[in-house]
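S.K.: Using only what follows, build the 3D model:
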Amino acid sequence: MKIKSYFNRMTPSMIVVTIVGLIGSILILSPKMMMIYIPNNEQLNLMKEAQLYYKGDSNNILEYSKYILSDNQLTERHYFFTAQLVFLKFAVIFNQLLYSSTEFDIRFLGMTYLGFYLCGLYWLTKVVFPRNTKPKNRIEALFLGLVAALLGGLRYFNSFYNFPVTLITIIYITAACFNLIRLNRVKFEGIFISLLISTSLLVTNDFKNWWMAGIFFILLCVIVWMRLSDAKKRMYFIASAFLMMIISGWATYHFNNPKNLAVPQNKVQLKNKLSKLPPNKNDF
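M.R.: Predicted coordinates for the structure are as follows:
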């Protein structure tokens, strides 16, 4: 009875966040639940920008900490332009504060993704479901939480694939669109800026997402045209969105061109520098 009473007091947003948070935490933190991916060349470029070095294959399939936090002299620096680097920087900071300053546990990256994922789901479900919830809405939220947890691509969170960032930005874009369309008292400028930033992050995360960003840009123009009656404001917002998309697309394509990426140092040099690092005795 207490569980039923507590469930009836929960809002749909709380139900979705609780379910996804519990299942996601178990999947990310449990070694037997998640697959461990070996980074490819593109992901190695991202790691070098974050000053991470991959140790190599391990005989222990349950070992998560396979990455070394290096200094600026360990790998040759270059500029790899991607929104994924923002999330990775957050994960590195949490790793240094809570775990180790020399070794990186990729589960910190998974939990960072999960935190932003939960915030986006909370924002989205808060707009989709009405305030005066009914038992039907709670059941729908329960189903949505299970789908978002089991089919939401959480198995990629413990990796350097850019899919989690794409998923997170799409959720934020969808939530912002619903805010602009359905809510009358919301500040248009603030939601517009959040929608514009999310769309830009979608492009900078992967240039292949340009077609999705184009669709959201058209939708954004339609929303601006419907919600604003002032012609000057319409042109101002549309021009700002168009300029932001052009800059994001150009920067992503230019800086991530293989010709502009630095060539890694010799493996022997890296091995010699790695041997000088102090051993890590922490166990997560």
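S.K.: I'd like to know how many residues surround the nearest residue to Val92 once chain neighbours are set aside.
M.R.: Nearest non-adjacent residue to Val92, counting by CB to CB, 6 or more residues apart in numbering: Ala50, 6.0 Å away. C-betas here are computed from N, CA, C, even on glycine. Ala50 has 20 neighbours, counted by other CB atoms under 10 Å.
S.K.: Buried ones in stretch 41-48, by neighbour count?
M.R.: Across stretch 41-48, burial judged by 16 or more other CB atoms under 10 Å covers Glu42, Gln43, Leu44, Asn45, Leu46, Met47, Lys48.
S.K.: Averaged pLDDT, it. What do you get?
M.R.: On average, the pLDDT along stretch 41-48 is 74.
S.K.: what's the answer for stretch 180-191, then?
M.R.: The model assigns stretch 180-191 a mean pLDDT of 70.
S.K.: start the count at 871, not 1, going forward
M.R.: That works, and once the first residue is 871, the last one we named lands at stretch 1050-1061.
S.K.: how long is that stretch end to end?
M.R.: 7 Å (CA to CA, to the nearest Å).
S.K.: just so I have it, where are all the strands in the stretch 971-1120 of the chain?
M.R.: Using DSSP state E, counting those that start in this stretch, the strands found in the stretch 971-1120 of the chain span residues 973-974.
S.K.: quick one: low-confidence parts of it?
M.R.: For the stretch 971-1120 of the chain, the stretches with pLDDT under 70 are 1000-1003, 1022, 1053-1056, 1119-1120.
S.K.: in it, which spans are helices?
M.R.: According to DSSP state H, counting those that start in this stretch, the stretch 971-1120 of the chain carries its helices in the segments 977-998, 1005-1020, 1033-1052, 1058-1075, 1080-1097, 1101-1125.
S.K.: closest to Ile885 out of the ones you listed?
M.R.: helix 1005-1020 (4.3 Å; CB to CB).
S.K.: That closest one - contacts with which helices or strands?
M.R.: helix 872-879, helix 882-899, helix 977-998 (3 or more CB pairs under 8 Å, 6 or more residues apart in numbering; DSSP states H and E).
S.K.: mind running it again at 7 Å?
M.R.: helix 882-899, helix 977-998 (3 or more CB pairs under 7 Å, 6 or more residues apart in numbering; DSSP states H and E).
S.K.: which other residues reach the last one?
M.R.: Yep, that's helix 977-998 we're talking about. Counting contacts by CB atoms under 7 Å, 6 or more residues apart in numbering, the residues outside helix 977-998 that touch it are 882-883, 886-887, 890-891, 894-895, 898-899, 934, 957-958, 960-961, 964-965, 969, 1011, 1014, 1018, 1027-1028, 1034, 1038, 1041-1042, 1044-1045, 1048-1049, 1052-1053.
S.K.: Quick one: buried ones out of those?
M.R.: Members of these classed as buried by 16+ other CB under 10 Å are 882-883, 886-887, 890-891, 894, 898-899, 934, 957-958, 960-961, 964-965, 969, 1011, 1014, 1018, 1027-1028, 1034, 1038, 1041-1042, 1044-1045, 1048-1049.
S.K.: circling back: how close does the residue nearest to Val962 sit to Phe986?
M.R.: Distance, Ala920 to Phe986, by CB to CB, to the nearest Å: 17 Å.
S.K.: cool, and Pro882?
M.R.: From Pro882 to Phe986 the distance is 20 Å (CB to CB).
S.K.: re earlier: indicate which one of the helices and strands packed on helix 1005-1020 is closest to Ser1070.
M.R.: Once these are compared by CB to CB, helix 977-998 is nearest, at 15.6 Å.
S.K.: Next, the buried residues of that closest one.
M.R.: Residues of helix 977-998 classed as buried by neighbour count (16+ other CB under 10 Å): 977-988, 990-998.
S.K.: Using PDB, write out the CA atom coordinates for it.
M.R.: Written as PDB, here are the backbone C-alpha positions of helix 977-998 (Å, rounded to 0.1, in the frame of the first residue of the first chain):
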ATOM      1  CA  ARG A 977      32.200   4.800 -16.300                       C
ATOM      2  CA  PHE A 978      32.500   8.500 -15.300                       C
ATOM      3  CA  LEU A 979      31.800   9.300 -18.900                       C
ATOM      4  CA  GLY A 980      28.700   7.000 -18.900                       C
ATOM      5  CA  MET A 981      27.400   8.600 -15.700                       C
ATOM      6  CA  THR A 982      27.900  12.100 -17.200                       C
ATOM      7  CA  TYR A 983      25.900  11.100 -20.200                       C
ATOM      8  CA  LEU A 984      23.200   9.700 -18.000                       C
ATOM      9  CA  GLY A 985      23.000  12.900 -16.000                       C
ATOM     10  CA  PHE A 986      22.400  15.000 -19.000                       C
ATOM     11  CA  TYR A 987      20.000  12.400 -20.400                       C
ATOM     12  CA  LEU A 988      17.900  12.400 -17.300                       C
ATOM     13  CA  CYS A 989      17.700  16.200 -17.300                       C
ATOM     14  CA  GLY A 990      16.500  16.200 -20.900                       C
ATOM     15  CA  LEU A 991      13.900  13.500 -20.200                       C
ATOM     16  CA  TYR A 992      12.600  15.400 -17.200                       C
ATOM     17  CA  TRP A 993      12.200  18.600 -19.300                       C
ATOM     18  CA  LEU A 994      10.500  16.700 -22.100                       C
ATOM     19  CA  THR A 995       8.100  14.700 -20.000                       C
ATOM     20  CA  LYS A 996       7.300  17.800 -17.900                       C
ATOM     21  CA  VAL A 997       6.000  19.500 -21.100                       C
ATOM     22  CA  VAL A 998       4.300  16.500 -22.700                       C
END
